[in-house]
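Enquirer: Any chance you can model this:
(one chain, ligands or ions: 1)
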Amino acid sequence: MEQRFDVGRGVVVLERGDITRQDTEAIANAANSTLLGGGGVDGAIHRAAGPKLLQACRDAKRTLPSGLLPTGQAVLTPGFRLRAAHVIHCVGPVYAREGQDAPRLLASCYANALRLCREHDIRSIAFPSISTGVYGYPVQEAAPIALAAVRDALEANDTPHLVKFSLFDDTTLEAYGAAARDLFGGRAGRGS
Ligand code: ADP
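Expert: Alright, predicted model coming up:
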């Protein structure tokens, strides 16, 4: 069952699910700086999108200084075989490496992904829980940062209108649910 919150001019939905199956206009990927694919959600997105996604990432790499996407930044590619028309590849912080900069860099992933939505008139996007897998960000710390970054964007802009979090396991869903109730308070709507 999804949890739905009215936030700013838009809606935030939390649900347990596989992001590769989302039908939002865009999905976000928790990529790494090389943009060449990896494990976790990145590998799942590449498998579901098909080999053209890797080629599009290679093309995007060529436009980047030193061929790497810096931590906290985001780039857009097509979604190829995915239901989502676009993939926005974000590089989250490696928790143990970034220290005090980790919260700012994590928030920057979400802010940059949502800016790309605005620039490309993308009205709906689904995010995974960036950095809380292999990159080791404790989900209890990451969830309020992710949701506050989304809230700031939805309060300031009309696009996107729908921001989903497609969360892979119960622990992650519970952490985001608690943070959302805390941040969005009485605005919780009914699930469907
Ligand atoms: P990172 O390297 O940014 O930590 P990971 O892919 O290791 O990225 O993990 C990020 C989150 O994505 C974790 O909560 C992981 O369980 C989750 N995840 C893995 N596969 C999927 C999927 N298909 N859909 C949604 N979330 C997924």
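
Enquirer: Every contact and neighbour count from this point should use C-alpha atoms.
Expert: Will do.

Enquirer: quick one: the strand or helix carrying D42 near the ligand?
Expert: Secondary structure from DSSP states H and E places D42 in helix 40-49. Yes: shown here: helix 40-49 in contact with the ligand (CA under 6 Å from any ligand atom) through G40, V41, D42, A44.

Enquirer: Name the member of those with the most neighbours.
Expert: V41 (22 neighbours; other CA atoms under 10 Å).

Enquirer: you'd agree A126 is in a strand?
Expert: Yes: secondary structure of A126 (DSSP: H, G, I helix; E, B strand; the rest coil): part of a strand.

Enquirer: beta partners for it?
Expert: Beta-bridge partners of A126, counted by DSSP bridges, are I27, K164.

Enquirer: what's the neighbour count on it?
Expert: Using other CA under 10 Å, A126 has 26 neighbouring residues.

Enquirer: Would you check that it makes contact with A30?
Expert: No: using CA atoms under 8 Å, A126 makes no contact with A30, being 11.6 Å away.

Enquirer: any idea how far L154 lies from the ligand?
Expert: Distance, L154 to the ligand, by CA to the nearest ligand atom, to the nearest Å: 22 Å.

Enquirer: what sits up against the strand or helix carrying that residue?
Expert: Applying DSSP H and E as the criterion places L154 in helix 139-156. Helix 139-156 is contacted from outside by 7-10, 103, 106-108, 110-111, 114, 129, 131-132, 160-161, 163, 172, 175-176, 179-180, 183, using CA atoms under 8 Å, 6 or more residues apart in numbering.

Enquirer: List the ones among those that fall in helices.
Expert: Those of the contacts of helix 139-156 mapping onto helices are 103, 106-108, 110-111, 114, 172, 175-176, 179-180, 183, per DSSP state H.
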